[in-house]
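# Need coordinates for the following:
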Amino acid sequence: MVSFGQAMADAKQPAHDSATFWQRQTDAVADVSGPVATLHLGALRHNALDMAVRAAGVPIRVASKSIRVREAIDATLALPGYAGILAFTLPEALWLAETHDDVVLGYPTVDRAAIAALAQSDQACARVTLMVDDLAQLDVVDAVVPPGARPVIRVAIDADGSWRAPALGHIGVRRSPVHEPGEVASLARAITRRDGFRLVGLMMYEAQIAGQGDATGSGDGLIRWMQQRSSAELLQRRQAIVSALRPIAPLEFVNGGGTGSLEFTASDQAVTEVTAGSGLFAGHLFDGYRAFAPQPAAAFSLEVVRKPTPDIATVLGGGWIASGPSVASRQPRPVWPTGLRTLPREGAGEVQTPLQGEAARHLRVGDRVWFRHAKSGELAERVEHYLLVDDDTVVGEAPTYRGEGKAFL
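Predicted structure coming up:
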């Protein structure tokens, strides 16, 4: 059987018009029953290469949470411009480190069983980097296995990349408690004084730039104003933080950004690598950006099982809601046939989802409706595998984390 990477390399370019694109996907799964999730290999290759171009030669660390398919992670890392993984839990990082030698944990951990497993493996300690923003997180590690009874553990500091805007306050996500250069330097000095740890990196995620679309049709002018000013402040502060850390510890990497900020973050001379993942599968939250237009590589399709009224078609399943605020943008979006919408009082349902619109009049029991998930990686928690589609043909399948028996969070 052809490998995932070879199948992606050989895949045809996706059709330019959406009608042809989705009809070919429908043709590809015509003989498949039940809910189906697909990865369009041509669209995935397009997105991966486009992201590498946008990063302008700065290595891209793959955010595993936005994929959750090992074969897709491996195939992406085999492409020029990609290096390393940003994992989301320590058990996942340990699992991935069995076959990858550069896995950074993107979030702090207090998973004592996983910490114990890390401390028992020289290989894992050499391949996995923990993320910290508080000495209390080091205390947890020491309480599990004291410094003299384990290999040295690699750590990186997660410094707050949000913008503290004059008269506006905190703009961005709530992550790290260390924000100013002096705060980060003070933490770094304290880490270097601790036995059993080695400070090797810095991460700063500018969510207000990377994770906020600027072409959504709602408040775009204000978003662009915010991002322009936040970018200018972050360039200065990140450089000041890196300058403060260099005399304290030799940093192996300075990580920043995300799919939505590749151009900006890669232009920052203080950064040695960027992180991205969502743009590969392209959940629909990433449609609203001026700088790029990803192809819908990941999608899922549900079957019509009833017609309660002539203009309503009900599909089985659909309630695959994305994390984040409980707003309409977190619902899966019906994309084909066009013109379908969920009912305001029902939304995407636990077992069934009624869809209304003129297109519903032409749907029959047994027909398929295509959806895109709001986020890129979370769809993998709902299915055991993706069917790999090349044009109008299924050419293979790839297990998700769930399909491999893994549920990390």
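
# Doesn't Leu235 belong to a helix?
Yes - using DSSP: H, G, I helix; E, B strand; the rest coil, the assignment for Leu235 is a helix.

# and the nearest residue to it once chain neighbours are set aside, how far is that from Arg237?
Leaving aside its sequence neighbours, Leu235 sits nearest to Asp268 (Cβ to Cβ, 6 or more residues apart in numbering; 5.8 Å). (Each C-beta comes from the backbone N, C-alpha and C, glycine too.) Distance, Asp268 to Arg237, by Cβ to Cβ, to the nearest Å: 11 Å.

# ok, so what distance separates the residue most central in space within the chain from Asp27?
Centroid-nearest residue in the chain: Ser66, 2.6 Å away (criterion: Cα atoms, centre = their mean). Separation of Ser66 from Asp27 (Cβ to Cβ) stands at 28 Å.

# same check, this time on Ala240
Distance from Ala240 to Asp27, by Cβ to Cβ: 56 Å.

# Any stretches of the stretch 101-250 of the chain with poor pLDDT?
Filtered on pLDDT under 70, the stretch 101-250 of the chain yields no residues whatsoever.

# All the helices of it, in order from the start?
For the stretch 101-250 of the chain, the helices defined by DSSP state H, counting those that start in this stretch cover 112-119, 122-127, 135-144, 181-192, 207-210, 220-245.

# For Val369, which of the ones you listed is the nearest?
helix 220-245 (29.7 Å; Cβ to Cβ).

# and that closest one with helix 181-192, angle?
Orientation check (axes from the mean of the first three to the mean of the last three Cα atoms, to 10 degrees): helix 220-245 against helix 181-192 gives 50 degrees.

# Tell me which other helices or strands helix 220-245 touches.
strand 163-165, helix 181-192, strand 197-204, helix 207-210, strand 253-256 (3 or more Cβ pairs under 8 Å, 6 or more residues apart in numbering; DSSP states H and E).

# could you dump those to JSON lines with distance to Trp320 and mean neighbour count?
Formatted as JSON lines, the helices and strands packed on helix 220-245 follow (distance: least, Cβ to Cβ, whole Å; neighbours: other Cβ atoms under 10 Å):
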{"stretch": "strand 163-165", "distance to Trp320": "32", "mean neighbour count": "18"}
{"stretch": "helix 181-192", "distance to Trp320": "38", "mean neighbour count": "18"}
{"stretch": "strand 197-204", "distance to Trp320": "29", "mean neighbour count": "22"}
{"stretch": "helix 207-210", "distance to Trp320": "23", "mean neighbour count": "22"}
{"stretch": "strand 253-256", "distance to Trp320": "30", "mean neighbour count": "23"}
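
# Relative to His40, which of the ones you listed is closest?
Of all these, helix 207-210 comes closest under Cβ to Cβ, at 24.1 Å.

# now what about the closest one, what contacts it?
Defining contact as Cβ atoms under 8 Å, 6 or more residues apart in numbering, one finds that helix 207-210 is touched by 161-163, 171-173, 175, 226-227, 230-231, 234, 257-261, 264-265.

# and if we set it to 7 Å?
Outside helix 207-210, the residues within contact range by Cβ atoms under 7 Å, 6 or more residues apart in numbering are 162-163, 171-173, 226-227, 230-231, 257-261, 264.

# And the residues you listed, which is closest to Ala9?
Closest to Ala9, out of all of the contacts of helix 207-210 and judged by Cβ to Cβ, is Thr259, at 21.9 Å.

# these two touch, right, the closest one and Leu280?
No - using Cβ atoms under 7 Å, Thr259 is not in contact with Leu280, being 8.2 Å away.

# So between those two, which is more surrounded?
The neighbour count for Thr259 versus Leu280, taken as other Cβ atoms under 10 Å, is higher for Leu280 (32 against 29).

# A helix includes the more buried one, no?
Yes - assessed by three-state DSSP, Leu280 belongs to a helix.

# so how far is Leu202 from it?
In terms of Cβ to Cβ, Leu280 sits 24 Å off from Leu202.

# which of the contacts of helix 207-210 count as buried?
Buried members of those, scored by 16 or more other Cβ atoms under 10 Å, are 162-163, 171-172, 226-227, 230-231, 257-261, 264.

# Would you reformat these as TSV and include distance to Trp336?
Below are these laid out as TSV (distance: Cβ to Cβ, whole Å):
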residue	distance to Trp336
Ser162	37
Trp163	38
Ile171	36
Gly172	35
Met226	34
Gln227	32
Ser230	36
Ser231	36
Gly257	32
Gly258	28
Thr259	24
Gly260	25
Ser261	30
Phe264	33
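
# From those, pick the one nearest Val304.
Taking Cβ to Cβ as the measure, Thr259 is the one of the buried ones among the contacts of helix 207-210 closest to Val304, at 33.0 Å.

# show me the contacts for that closest one.
By Cβ under 7 Å, 6+ apart, the neighbours of Thr259 are 210, 276-279, 286.

# can you tell which of the helices of the stretch 101-250 of the chain is closest to Val53?
Comparing the helices of the stretch 101-250 of the chain by Cβ to Cβ, helix 207-210 comes nearest, at 17.1 Å.

# Show me how far that closest one is from its chain's centre.
13 Å (Cα atoms, centre = their mean, to the nearest Å).

# cool, and stretch 251-267?
Distance, centroid of stretch 251-267 to centroid of chain: 14 Å (Cα atoms, centre = their mean).

# Give the rounded mean pLDDT of it.
For stretch 251-267, mean pLDDT is 96.

# Show the end-to-end separation of it, please.
One end of stretch 251-267 to the other measures 19 Å (Cα to Cα, to the nearest Å).

# and what of stretch 24-35?
Stretch 24-35: ends 17 Å apart by Cα to Cα.

# average pLDDT for it?
95.

# Alpha carbons of stretch 146-163, as PDB, please.
What follows is stretch 146-163, C-alpha atoms only, in PDB (Å, rounded to 0.1, in the frame of the first residue of the first chain):
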ATOM      1  CA  PRO A 146      13.800  14.100  42.900                       C
ATOM      2  CA  PRO A 147      16.700  15.600  40.800                       C
ATOM      3  CA  GLY A 148      19.300  13.000  41.900                       C
ATOM      4  CA  ALA A 149      17.100  10.100  40.800                       C
ATOM      5  CA  ARG A 150      16.400  11.100  37.200                       C
ATOM      6  CA  PRO A 151      18.000  12.500  34.100                       C
ATOM      7  CA  VAL A 152      18.100  16.300  33.600                       C
ATOM      8  CA  ILE A 153      14.700  17.500  32.300                       C
ATOM      9  CA  ARG A 154      14.500  20.000  29.500                       C
ATOM     10  CA  VAL A 155      12.200  23.000  30.100                       C
ATOM     11  CA  ALA A 156      11.100  26.000  28.100                       C
ATOM     12  CA  ILE A 157       9.400  29.200  29.400                       C
ATOM     13  CA  ASP A 158       6.000  30.100  28.200                       C
ATOM     14  CA  ALA A 159       5.900  34.000  28.300                       C
ATOM     15  CA  ASP A 160       2.600  35.800  27.800                       C
ATOM     16  CA  GLY A 161       2.300  37.100  24.300                       C
ATOM     17  CA  SER A 162      -0.900  39.100  24.800                       C
ATOM     18  CA  TRP A 163      -1.100  42.900  24.500                       C
END
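
# Lovely, talk soon.
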